[in-house]
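Engineer: what's the 3D shape of this:
(2 chains)
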There are 2 protein chains.
Amino acid sequence: LAGGVFMDKILEQSLLYDFYGEMLTPHQKAIYEEFVLNDLSLGEIAAEREISRQGVYDIIKRCKAQLGIYEEKLHLIEKFSYTKKKAEEISRYAVRIRENCHNEDSIAEYTKHIMRISDEIIEDF
Amino acid sequence: LAGGVFMDKILEQSLLYDFYGEMLTPHQKAIYEEFVLNDLSLGEIAAEREISRQGVYDIIKRCKAQLGIYEEKLHLIEKFSYTKKKAEEISRYAVRIRENCHNEDSIAEYTKHIMRISDEIIEDF
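Structural biologist: Have a look, this model is predicted:
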């Protein structure tokens, strides 16, 4: 369970980096990358960059705070999860159509769902 | 044609506002809103806010520059247009399935397209 929470934290930080990394300065970005993506320790990054361990810690803490604010304001991760879920739903209906390709009523129903979900993707973004 | 270019400009500014408006300060946001969404003139906004016309102009110019930088970094409008186009494609294939619900081969082909496009939405974001 602790491992799960840890993984969620890492995943969340990677997602924040994926979506908002470009908003960091190149210096911040490089350090956050080494910590979150390349899994270096504070000490390793400090030695490599010839700055203090505390300095590295402060930069990473600041990056996390900034990235968190971007998500609060723009909700990209939230929106992306939503769109992804919708696309997965569409895929499942496509499979059902293929499995029921002799049943006209099923096809009519499932295509209706696909069109509705497509519209939701278009409108609710 | 000039009208078209003008409309594109307005549309672009509204889109930038829709996607990144939350990144502006409340003051910037309020003024940009009045100019782009409510179509007030610089003079009208200046009178209403009791600031100089030049002051309003500078704020709007700055907002545009900032919003433009966000799009350059995050490409949300670009990504959204892409996803929207994909969802529209899916909808068109759903219509074709309904129109060809007696043709098993067509159904197989169109559902394959729908699944491919759904995957593209999920992966390429």
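Engineer: measure residue A:12 to residue A:77 for me?
Structural biologist: Distance, residue A:12 to residue A:77, by C-beta to C-beta, to the nearest Å: 8 Å. To be clear about C-beta, it is placed using only N, CA and C from the backbone, and glycine gets the same treatment.
Engineer: Sorry, slip of the keys, the one I care about is residue A:56.
Structural biologist: 25 Å.
Engineer: Over to residue A:123?
Structural biologist: From residue A:123 to residue A:77 the distance is 20 Å (C-beta to C-beta).
Engineer: More neighbours: those two, which one.
Structural biologist: The neighbour comparison of residue A:123 against residue A:77 (other C-beta atoms under 10 Å in any protein chain shown) goes to residue A:77, with 17 against 9.
Engineer: show me what contacts that one?
Structural biologist: A:15, A:16, A:19, A:71 (C-beta atoms under 8 Å, 6 or more residues apart in numbering or on different chains).
Engineer: make it 6 Å
Structural biologist: Residues in contact with residue A:77 (C-beta atoms under 6 Å, 6 or more residues apart in numbering or on different chains) are A:15, A:19, A:71.
Engineer: tell me the contacts of the residue of chain A most remote from its centre?
Structural biologist: Computed with C-alpha atoms, centre = their mean, the residue of chain A farthest from its C-alpha average is residue A:102, at 39.1 Å. Contact analysis of residue A:102 by C-beta under 6 Å, 6+ apart lists nothing.
Engineer: Residue A:87 too?
Structural biologist: Per C-beta under 6 Å, 6+ apart, neighbours of residue A:87: B:118, B:121, B:122.
Engineer: could you redo the last one with a cut-off of 8 Å?
Structural biologist: A:121, B:118, B:119, B:121, B:122.
Engineer: And residue A:108, by the same measure?
Structural biologist: Residue A:108 neighbours (C-beta under 8 Å, 6+ apart): B:98, B:101.
Engineer: what mean pLDDT does the helix or strand containing it have?
Structural biologist: Using DSSP states H and E, residue A:108 sits within helix A:104-123. Mean pLDDT, helix A:104-123: 95.
Engineer: So residue A:66 sits against residue A:22, correct?
Structural biologist: No - using C-beta atoms under 8 Å, residue A:66 is not in contact with residue A:22; the gap is 11.9 Å.
Engineer: More neighbours: which of the two?
Structural biologist: Neighbour count, other C-beta under 10 Å: between residue A:66 and residue A:22, residue A:66 has more, with 16 against 13.
Engineer: by contact count, what packs against the helix or strand containing the more buried one?
Structural biologist: Using DSSP H and E, residue A:66 falls within helix A:53-74. Other elements packing on helix A:53-74 under the criterion 3 or more C-beta pairs under 8 Å, 6 or more residues apart in numbering or on different chains; DSSP states H and E are helix A:2-20, helix A:26-36, helix A:42-49, helix A:76-99.
Engineer: want to throw those helices into a markdown table with mean pLDDT?
Structural biologist: Formatted as a markdown table, the helices and strands packed on helix A:53-74 follow (pLDDT from 0 to 100):
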| stretch | mean pLDDT |
| --- | --- |
| helix A:2-20 | 78 |
| helix A:26-36 | 95 |
| helix A:42-49 | 96 |
| helix A:76-99 | 94 |
